[in-house]
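attaching a predicted model along with its sequence, questions to come.
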Amino acid sequence: MARRTFSIGGVHPNDAKISRNCKIETLPTPPTVYIAVAQHIGAPAKPVVAVGDKVKAGQVIAEPGGFMSAYIHSSVSGTVKSIGPRKDLSGNNQMVVEIAVEGDEWMEGIDRTDTLVTEIPQDPKAIIEKIKLGGVVGLGGATFPTHVKLSPPPGKKCEMLIINGCECEPYLTSDFRTLLEKGEQVVVGTAIIKKALGVDMATIAIEDNKPEAIDHITKVVAEMKAKSSDYAGIEVMSLMKKYPEGGEKQLIDAVMHRQVKSGGLPIDVGAVVDNVCTALAVYEAVQKNKPLVDNSVTVTGECFPHQANLLVRVGTPLSYIIDYLGGVPADAAKVISGGPMMGKAIANLDAATLKGTGGILFLTEKQTRRMPESSCIRCGKCADACPMGLEPFLLNRLYKAGNTEALEANAVQDCIMCGCCLYSCPAGIPLLDAISQARGQVMGIMKARAAAAKAAAEAAKAKTE
Amino acid sequence: MTTTIIWTIAIISGLGLLLALTLYLVAQRFKVEEDPRIELVEKAMPGANCGGCGFAGCHAFADSAVKAPNLDNHFCPVGGNETMKKVAEILGYEIKEKAPMVAVVRCNGTCSNRPKINNYDGSLSCRVKASLYAGDTACAFGCLGCGDCVAACQFGALSMDLHTGLPVVDESKCTACGACVKACPKVIIELRKKGPRGMREYVSCVNKDKGPAAKKACAAACIGCGICAKTCTHGAIVLENNVAYIDPEKCKLCRECEAMCPTGAIHGVNFPKPLDKDAVKARIQERQKKAREAAAAAAEAAKAAAAPAEGNNEIKKEESNG
């Protein structure tokens, strides 16, 4: 049988999952944590604690700043030392709550035992409320508030829930380890999300470079199905290893053979996609009352001797994690937050982790060397590789010419910034740099236009009234 | 053979004439009526089409200027007052003269002042660099040094100084069109009044970090200490977000702030003599001493004036009691 995958573009980088055999280890609590109030897409949360307050682990320290926002909880127990700007991993100032750790006291009602709770008595509304109170956001990278995702706009019906266990980024193994070690919880989480959405079908999609995970989850799903009817309709699907399979739109194409149109949302084709770690966070928030205060982080790289998958409290300084594992290796030239394809180079190792931090990757000088840039030879490799069906060479040229209208007509706003074009370019042209700029410009123009249209419509309405 | 050549020439020429005539007639028939003054104004413009005036180009400026009731919202920064006088003459309007402006780079983060803390290996574009991170120095506000402003300048007035890593403005070429201001993602470049004989005083820093952090990032940063604002006798300096700003309208070019600045973040340019810091400091101290003495004297005088007044009150009280 042909291996299932998405139909347009994609590349095959070496998956380099060298930390795949490292069990998830709990990192000791750091002496101080710095919890950012903007850890999700949307409005930053508003701090509700004051300097000098005693907080417990799991206590709300910031409330949502709008509809598209999320609760932030303290990941440790201790005293709030300061609330103010601190340099994040790119060196820019971000508002953080600094908490000096004292002991490890948790809020009442949080179940931290390992007992598996499989019954789901709550109704969908209660589930979504609990997810919201748990501060759960998408842990696949975009940190989209999960409770917003699980409340589809009226008139849109979800047909299938897809749980993303692809982990197509090279090097990262935290999702894989989560599937292996907390497979049961992930499956319960899947059933909870399925119930919240009111859908009959759920697919846990896993790339076929992780056969152990596929076998384990298949077994768990079969066991659960025998136990309760809540688990009916959950399937496990093996997908061909190809980057960027874990992209929302690519995954929908691979699993459902449906294409999300330009500017559309997954719900338009009846799909909702969540990461396996999000499913785990949902399980903990709903069944165990435990908000999202820790996440698993892969620390890896060929030049890094002590590779590990760590369970890290949100707000732990990166330097604390690295020192725990033996410090920055001498031959590391670049440290990346996330994977090598979509991750961000870290300019400030004192920055703290966020909910969405998935990995710390060390690369040597040789691995990070950029190819010298030469002229485009019109080979079309970038257009072949683009999973969104765009023409990166053309977008690059249009950006250089400053032609925003043509950029919009060529759908630069659909770019998912996966970096396949840059990866495949034999001329070493920094296509993604140009395209991400162009995308920002065009999205800004589109937003301004939408706002102007809205204002005009309101003015017209006011006039008729 | 000859006849063929003659016929060919005749037919081609005939066709040419016929088509020319058609084009002429069509042009007459579908002529777009345009105010003839637009063309006159456009001819008076510099023709750089730089967009510095806020319009798409010189024609758009001319078109709008002709239709406008006055020229308050129209100013060509490239042509300056000369051009605007000509335009006003054509249209019969009056104009207010504007002081000539020049682009000023407000960053003093030279390679020696501001050490690098990491290596940037991405695209050589300030805009790309700014979107990725805070920059390769500890200062998140300063010049990124990739030269987007140089590329944006149509007049060749900007160049990168390879020793300092900062852009340099050639005042003789700068037309104050503002293209560099728009190109700079860190908003470091400002259009300022050129000043009398080009003399001007400005704070060459935009770092909004608190003093210690700013100082750590760059030896020549404005640390927001406020000494300049206290020194200034003209009220020209405001301190906001840990950065001082000199209002060019109020500045009298006395250079006292420059002498007092502990980090050398305040720059004075085109002054005939180099600044004698010690002399200026001595002058300021003398003045402050005098002011203190005067204040003390005034306080004493006030006290003296208040004492008899109190005495009077007591007398009055006694009188009323009695």
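Great, that's in hand.

C-alpha from now on. contacts and neighbour counts both.
Will do.

touching, A:Gln413 and A:Met443? I think so.
Yes: taking contact to mean CA atoms under 8 Å, the distance of 6.2 Å between A:Gln413 and A:Met443 places them in contact.

more neighbours: those two, which one.
Counted by other CA atoms under 10 Å in any protein chain shown, A:Gln413 and A:Met443 do not tie: A:Gln413 has more neighbours, with 21 against 16.

with adjacent residues omitted, what lies nearest to the more buried one?
Closest residue to A:Gln413 in three dimensions, ignoring its sequence neighbours and counting by CA to CA, 6 or more residues apart in numbering or on different chains: A:Arg439, at 5.1 Å.

swap in A:Lys157?
Leaving aside its chain neighbours, A:Lys157 sits nearest to A:Gly270 (5.9 Å; criterion: CA to CA, 6+ apart).

which residues does whichever residue of the stretch 201-322 of chain B sits closest to chain A contact?
Of all residues in the stretch 201-322 of chain B, B:Asp209 sits closest to chain A, at 9.3 Å by CA to the nearest CA. Under the criterion of CA atoms under 8 Å, 6 or more residues apart in numbering or on different chains, the neighbours of B:Asp209 are B:Ile223, B:Asn241, B:Asn242.

then B:Lys281?
Going by CA under 8 Å, 6+ apart, B:Lys281 touches B:Glu256, B:Ala259, B:Met260.

kindly report the same for A:Asn93.
Remark: with contacts taken as CA under 8 Å, 6+ apart, A:Asn93 is in contact with A:Pro85, A:Arg86, A:Lys87.

among the residues you listed, which are located in helices?
Per DSSP state H, helices hold no members of the contacts of A:Asn93.

I figured A:Gly315 hits A:Val76, correct?
No: A:Gly315 is beyond contact range of A:Val76, at 9.3 Å (criterion: CA under 8 Å).

between the two, which one's more packed in?
It is A:Val76, of A:Gly315 and A:Val76, that has more neighbours when counted by other CA under 10 Å, with 30 against 27.

just to be sure, that one is in a strand?
No: using DSSP: H, G, I helix; E, B strand; the rest coil, the secondary structure at A:Val76 is coil, not a strand.

my guess is it meets A:Val101, correct?
Yes: counting by CA under 8 Å, a contact exists between A:Val76 and A:Val101, whose distance comes to 6.3 Å.

now restrict the contacts of A:Asn93 to buried residues only.
A residue is treated as buried here by neighbour count (16 or more other CA atoms under 10 Å in any protein chain shown); on that basis the buried members of the contacts of A:Asn93 are A:Arg86, A:Lys87.

near chain B, which of the contacts of A:Asn93 show up?
Restricting the contacts of A:Asn93 to those within reach of chain B (CA under 8 Å from any CA of the partner chain) leaves nothing.

closest to A:Ile214 among the contacts of A:Asn93?
Of all these, A:Lys87 has the smallest distance to A:Ile214: 40.2 Å, by CA to CA.

tell me the pLDDT of that closest one.
The predicted structure scores A:Lys87 at 91 on the pLDDT scale.

show me the contacts for it.
Each residue near A:Lys87 by CA under 8 Å, 6+ apart is listed here: A:Asn93, A:Gln94, A:Asn348, A:Ala351.

at 6 Å what do you get?
With contacts defined as CA atoms under 6 Å, 6 or more residues apart in numbering or on different chains, the neighbours of A:Lys87 are A:Asn93.

now do B:Ala183
Going by CA under 6 Å, 6+ apart, B:Ala183 touches B:Cys149.

try 10 Å
Residues in contact with B:Ala183, defined by CA atoms under 10 Å, 6 or more residues apart in numbering or on different chains, are B:Cys126, B:Arg127, B:Gly147, B:Asp148, B:Cys149, B:Val150, B:Ala151, B:Ala152, B:Cys153, B:Ile189.

the third one: neighbour count?
If I follow you right, that is B:Gly147. If you count neighbours by other CA under 10 Å, B:Gly147 ends up with 22.

likewise the second one?
Applying the criterion other CA under 10 Å, we find 20 residues in the vicinity of B:Arg127.

just the pLDDT for it.
Looking at B:Arg127, its pLDDT is 92.

that's a helix at it, yeah?
Yes: membership of B:Arg127 in a helix is supported by three-state DSSP.

pull the CA atoms of the helix or strand that contains A:Ile360 into PDB?
Secondary-structure assignment from DSSP states H and E places A:Ile360 in strand A:359-364. Only the C-alpha atoms of strand A:359-364 are listed here, as PDB (Å, rounded to 0.1, in the frame of the first residue of the first chain):
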ATOM      1  CA  GLY A 359      13.600  22.000  22.100                       C
ATOM      2  CA  ILE A 360      17.000  23.400  22.500                       C
ATOM      3  CA  LEU A 361      19.300  22.500  19.700                       C
ATOM      4  CA  PHE A 362      23.100  23.000  19.500                       C
ATOM      5  CA  LEU A 363      24.600  23.200  16.000                       C
ATOM      6  CA  THR A 364      28.300  23.400  15.100                       C
END
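
neighbouring strands for that strand, and are they parallel or not?
Taking DSSP bridges as the criterion, strand A:359-364 sits next to strand A:294-300 (parallel), strand A:332-337 (antiparallel) in its sheet.
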